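> predicted model follows, preceded by the sequence.
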Amino acid sequence: MAEDDPGLEKKRQLLAQLLRSEASKRDATGPATPERLSAHRELFAALQNKVYLNFGGQGPLPQPAIAAIAGAYAEIQRRGPFSNSGLGWMQQQMGRLRIAIAQELGTQPETIALTENVSLGCNIVLWGIDWQPGDHLLLSDCEYPGVLAAIEGLRRRFGIEVSACPLAGGSEAEAAPLVAEHLRPRTRLVVLSHIFWSTGGIAPLKAIAAACRAHPTEGPPVRLLVDAAQSVGMLPLDLPDLGVDYYAFTGHKWWCGPEGVGGLYVRPEAMGDLQPTFSSWRALPPDWPDTACWPDARRYEIATSAWPLIAALSSALALHNQWGTAHERYQRIRSLAIYLWEQLGHLQSSTALVRHQSDPPETGILTFSTGTAPAHLVQVLEAQGIFVRALPAPRAGVRVCVHYLTLKEEIDKFIAGLRQSLRR
């Protein structure tokens with residue numbers, strides 16, 4: 001919405017200046033100097049010849065991760081593709097990645113199932129619940145189409161009831177009470193994103209998880225499934241502290257890993273309510289069939305994967321941590337996002353642009369509309385070497401994502417290119 005109150009706008013600008021100043025101070029005290037960032041960026045070929053601002057769609061793959069893929073394939077061939085040595089080495093790579101992911105998410109390795117992407121992680125949960133006709137699933141009105149399609153499949157097959165909680169445009173403080181208000185006696189599952197893909201808003205998961213646990217039901221407790229496509233790699237995380245039950249994520253967006261590797265966090269207390277959706281050899285312990293499946297989150301894994309991609313994601317995670325901690329990376333993202341938000345505000349005062357976030361952003365995702373078809377504007381910008389994303393209806397617009405890898409100069413180039421495009 002356009003901001004009509006000059007006094008309110010001035011307060012927002014002062015708040016943005018204060019937040020950016022605080023974030024910049026954190027950057028200055030950390031190990032990440034401009035020189036180190038420049039050297040760091042040299043490892044990302046996709047950042048060398050373009051202004052890349054579509055990290056929410058897919059992150060650029062760093063050269064060490066590309067080398068890890070080739071190196072892993074070579075190592076597997078050296079050991080023997082299906083030998084004891086080769087399989088043992090691959091299991092070690094999986095274990096190392098599980099540990100690295102657990103450290104990023106503030107949890108234990110046994111709570112992590114390795115999957116291919118967010119969609120698979122969500123489907124493991126959605127189809128792993130023992131649904132009965134009349135059970136209720138609650139989701140937000142900001143969810144990704146892929147998740148919506150899976151939920152529609154549940155509704156048709158099991159006769160469950162599905163409703164949406166109107167979180168779009170609301171404040172964080174309003175979210176948990178709204179979710180609690182929409183829970184029913186037969187609600188089995190709440191599905192929502194940690195960061196909404198089309199708005200950049202953050203769901204207050206800790207408060208929502210508490211509301212789910214406190215809600216009286218006619219059967220099992222209300223469980224919380226989180227689509228973490230946009231939060232993992234952007235936010236510092238402590239999943240046990242948040243209290244979420246299931247957290248599905250991918251490695252190919254903000255973590256800048258390869259496509260095809262992701263994961264699912266399963267809170268130990270919620271594991272009993274979730275049966276394996278698929279079954280294959282990776283879910284089975286060595287003493288199977290005496291033991292039905294692994295007692296931890298590995299029970300939700302399936303079969304053969306592209307093992308070298310696992311080594312590549314481990315490499316990408318290590319590279320990010322070489323630059324700075326999760327908190328330091330997030331503070332830089334937020335500082336850059338506030339700067340971008342301010343620049344869009346300047347354009348808003350002189351063009352048809354309308355930025356969708358009225359307050360300084362807390363994430364690296366910003367959206368706006370211009371009166372021009374979003375897909376056309378994205379094509380025009382891409383012709384200038386600027387990469388952003390068009391969002392479909394009902395929240396049609398352009399999405400811009402800044403990463404800790406983003407340079408302020410790149411934001412300036414984007415704003416200049418956008419201004420030029422709007423004057424045509």
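It's in. Residues are numbered from 1 along each chain as shown.
> quick check: longest strand of this structure.
strand 187-193 (DSSP state E).
> can you pull out the strands in the chain?
51-52, 112-115, 136-140, 161-165, 187-193, 223-227, 246-250, 262-266, 354-355, 365-369, 386-387, 389-391, 397-401.
> what's the closest of those strands to residue 332?
Proximity to residue 332 (CB to CB) singles out strand 397-401 among the strands of the chain, at 13.5 Å. For the C-beta atoms, the positions are set from N, CA and C on the backbone; glycine is no exception.
> CA atoms of the closest one as PDB?
The C-alpha trace of strand 397-401 is given here as PDB (Å, rounded to 0.1, in the frame of the first residue of the first chain):
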ATOM      1  CA  GLY A 397       4.600  -8.100  -8.400                       C
ATOM      2  CA  VAL A 398       8.400  -8.300  -8.600                       C
ATOM      3  CA  ARG A 399      10.400 -10.000  -5.900                       C
ATOM      4  CA  VAL A 400      14.000  -9.000  -5.100                       C
ATOM      5  CA  CYS A 401      16.200 -11.000  -2.800                       C
END
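> show me what it is packed against.
Here strand 397-401 touches strand 365-369, helix 374-383, strand 389-391, going by 3 or more CB pairs under 8 Å, 6 or more residues apart in numbering; DSSP states H and E.
> each with direction, which strands does it pair with?
Here strand 397-401 is paired, per DSSP bridges, with strand 365-369 (antiparallel), strand 389-391 (antiparallel).
> I'd like to check the angle between it and helix 374-383, please.
40 degrees (axes from the mean of the first three to the mean of the last three CA atoms, to 10 degrees).
> quick one: mean pLDDT over strand 397-401.
Averaged across strand 397-401, the pLDDT comes to 97.
> swap in stretch 184-191?
Mean predicted lDDT for stretch 184-191 stands at 98.
> again, but for stretch 212-219
Rounded mean pLDDT across stretch 212-219 is 95.
> for stretch 135-152, same thing?
For stretch 135-152, the per-residue pLDDT averages 96.
> which residues does that stretch contact?
The contact list for stretch 135-152 (CB atoms under 8 Å, 6 or more residues apart in numbering) reads 118-119, 122-123, 126-127, 154-155, 158, 160-168, 179, 182-184, 186-193, 196-199, 201, 203, 227, 229.
> okay, stretch 335-353 in CSV with CA atoms only?
In CSV, the C-alpha atoms belonging to stretch 335-353 read as follows (Å, rounded to 0.1, in the frame of the first residue of the first chain):
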residue,chain,number,x,y,z
SER,A,335,21.2,-4.2,6.5
LEU,A,336,21.2,-4.5,2.8
ALA,A,337,17.4,-5.2,2.7
ILE,A,338,16.8,-2.0,4.6
TYR,A,339,18.9,0.0,2.2
LEU,A,340,17.0,-1.5,-0.7
TRP,A,341,13.7,-0.7,1.0
GLU,A,342,14.7,2.9,1.4
GLN,A,343,15.8,3.2,-2.3
LEU,A,344,12.5,1.7,-3.4
GLY,A,345,10.8,4.3,-1.2
HIS,A,346,12.6,7.1,-3.1
LEU,A,347,11.4,5.6,-6.4
GLN,A,348,7.8,5.4,-5.0
SER,A,349,7.7,9.1,-4.4
SER,A,350,8.5,9.9,-8.1
THR,A,351,7.1,6.9,-10.1
ALA,A,352,4.2,4.5,-10.2
LEU,A,353,6.1,2.0,-8.1
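> how about low-confidence regions in the chain?
Within the chain, the ranges that satisfy pLDDT under 70 run 1-32, 424.
> can you redo the helices and strands packed on strand 397-401 as JSON lines with mean neighbour count and distance to residue 308?
Formatted as JSON lines, these follow (neighbours: other CB atoms under 10 Å; distance: least, CB to CB, whole Å):
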{"stretch": "strand 365-369", "mean neighbour count": "23", "distance to residue 308": "30"}
{"stretch": "helix 374-383", "mean neighbour count": "16", "distance to residue 308": "30"}
{"stretch": "strand 389-391", "mean neighbour count": "19", "distance to residue 308": "28"}
